[in-house]
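# need a structure here:
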Amino acid sequence: MAAIVDATDIRTPLPEPSVERVVQFTGPRQVEVAEHPRAELPPGHLRVRTRFSGISAGTELTAYRGTNPYLTRTWDPDARLFREGAAGIQYPVAGWGYSEVGEVVEVAPDLAGTPGLPHPGDLVWGIWGHRSEGLVPAERMIGHTLPAGLEPLAGAFARVGAIAYNAVLAADIHLGEDVAVFGQGVIGLLTTRLAQLNGARVTAVDALDSRLETAKAYGAHHTFNAITDQVAERIRDATAGLGADLAIEISGAYPALHEALRSVAAGGRVVASGFYQGDGIGLRLGDEFHHNRVQLICSQIGGVPPQLSNRWSVERLQQTFLRLVAEGQVDVTSLVSHTIPAADAADAYALLDERPAAALQVVLEF
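Residues are numbered from 1 along each chain as shown. You can find the predicted model right below:
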């Protein structure tokens, strides 16, 4: 793994930049770092200077590769439908990213005295995209000061950790149940650990043996290779013929979702938490899904499971996950395989796209 950037001097004052740098996609598999004049801070906002920004190897690569549905259709938020005929976003696609850590350098004067608001010099986590500075609405930063003692790089995992946490909540795991987690990338490994903390006996599934080895350290009881093992059959062998009580599919691959449906017991459930692209090639709903009456549940970070929405929120997911990290129950920084200067963002995306086996969490350093 590549060395993690030394963050001990993260509070050292830096000279004021004259421009803002933004990572953007100018077309499929085309990346550039654009420079814009530094904007004035509007009322009600904080200026946050980015230190680290984690790349999502799932959602972001769909924009990088040109497969994201927003590039060909428009999402109608009122009808909650995609509409054909026009693209919701167009290239250049600028500032993607949802896992940022930075230092507050300026607070709008009208925010003086706002309870819970970070102060200049505080380290904060949040979402403002792959850019050297974020102008962030104050309400999105309340409660986002990095927990005391937490390594700054760990703050870049708030969102990905929340995605894993949301899938575990949707799964409704009970103590002692057998849970299969399909996909052992960064979010899959965090899902494996959280499911194990929740009392499950976890089977980890992936096509890469190196990730399966890491899954053992994150609490997996069994590991199976999606290519060389008959996964559903092996899971049944390991559960006295019953099958897993439930499965979480988090890779976004249709064949993996199909194998997850094959792997659970009759009346079991599968949580689909990946970002699936295009037509469902490899997914046959007339097979085990139909005959075993499997429950298929969607988990998506736009909201929490409906039955928990009175107590849980996406904000609580993120804050609770970081608290678990600060308490030492979940290790995240060892998942960082590469820290890459933002100026070399094109190399970072090419790495994730072309050599996924060589990387786990790739972080841009500003």
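# In the stretch 101-250 of the chain, where is pLDDT below threshold?
Within the stretch 101-250 of the chain, not a single segment meets pLDDT under 70.
# Tell me where it has helices.
Ranges of helices in the stretch 101-250 of the chain, per DSSP state H, counting those that start in this stretch, are 158-171, 186-197, 209-217, 231-238.
# How about the contacts made by the nearest residue to Arg83 once chain neighbours are set aside?
Leaving aside its sequence neighbours, Arg83 sits nearest to Thr74 (Cβ to Cβ, 6 or more residues apart in numbering; 4.7 Å). Heads up, the C-betas are built off the backbone N, CA and C, glycines and all. Thr74 is in contact with Phe82, Arg83, Gly85, Ala86, Ala87, Gly88, counting by Cβ atoms under 8 Å, 6 or more residues apart in numbering.
# just those residues now: which is nearest Leu41?
Taking Cβ to Cβ as the measure, Leu41 lies nearest Gly88 of the contacts of Thr74, at 28.9 Å.
# hmm, back to that, could you dump the helices of the stretch 101-250 of the chain to a markdown table with distance to Ala357?
Listed next are these as a markdown table, based on distance: least, Cβ to Cβ, whole Å:
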| stretch | distance to Ala357 |
| --- | --- |
| helix 158-171 | 19 |
| helix 186-197 | 14 |
| helix 209-217 | 7 |
| helix 231-238 | 19 |
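# With respect to burial, which of these scores highest?
Ranked by mean neighbour count under mean count of other Cβ atoms under 10 Å, these are led by helix 186-197, which reaches a mean of 27.
# From the contact counts, what lies against that helix?
Under the contact definition 3 or more Cβ pairs under 8 Å, 6 or more residues apart in numbering; DSSP states H and E, helix 186-197 sits against helix 158-171, strand 178-182, strand 201-206, helix 209-217.
# please redo it, this time with the cut-off set to 6 Å
Judged by 3 or more Cβ pairs under 6 Å, 6 or more residues apart in numbering; DSSP states H and E, helix 186-197 is in contact with helix 158-171, strand 178-182, strand 201-206.
# out of those, which comes closest to Leu352?
Smallest distance to Leu352 across the helices and strands packed on helix 186-197 (Cβ to Cβ): 13.7 Å, for helix 158-171.
# quick check: angle from the closest one to helix 186-197?
50 degrees (axes from the mean of the first three to the mean of the last three Cα atoms, to 10 degrees).
# what would the helices and strands packed on helix 186-197 look like in a markdown table with distance to Ala195?
Conversion of the helices and strands packed on helix 186-197 to a markdown table gives the following (distance: least, Cβ to Cβ, whole Å):
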| stretch | distance to Ala195 |
| --- | --- |
| helix 158-171 | 6 |
| strand 178-182 | 5 |
| strand 201-206 | 5 |
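# Can you tell me which of these is nearest to His291?
Of all the helices and strands packed on helix 186-197, it is strand 178-182 that lies closest to His291, at 18.6 Å by Cβ to Cβ.
# centroid residue for the protein?
Centre of the chain computed as the mean C-alpha position; nearest residue by Cα atoms, centre = their mean is Val160, 2.8 Å away.
# how far away is that one from Gly282?
Here the criterion is Cβ to Cβ, to the nearest Å. By it, Val160 lies 25 Å from Gly282.
# Check Asp237 too.
Distance, Asp237 to Gly282, by Cβ to Cβ: 23 Å.
# Looking at the contacts of Thr74, spot the one nearest Asp209.
Checking those against Asp209 with Cβ to Cβ, the nearest one is Phe82 at 37.5 Å.
# re earlier: closest to Phe52 out of the contacts of Thr74?
Looking across the contacts of Thr74 and measuring by Cβ to Cβ, the closest to Phe52 is Gly88, at 28.5 Å.
# Remind me which helix or strand the closest one belongs to.
Using DSSP states H and E, Gly88 is not contained in any helix or strand.
# so what are the domain limits for this protein?
19-158+334-365, 173-304 (automatic domain parsing).
# Can I get those domains in JSON lines including distance to Arg311?
Converted to JSON lines, the domains of the chain look like this (distance: least, Cβ to Cβ, whole Å):
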{"stretch": "domain 19-158+334-365", "distance to Arg311": "17"}
{"stretch": "domain 173-304", "distance to Arg311": "9"}
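# Cheers, nothing more for now.
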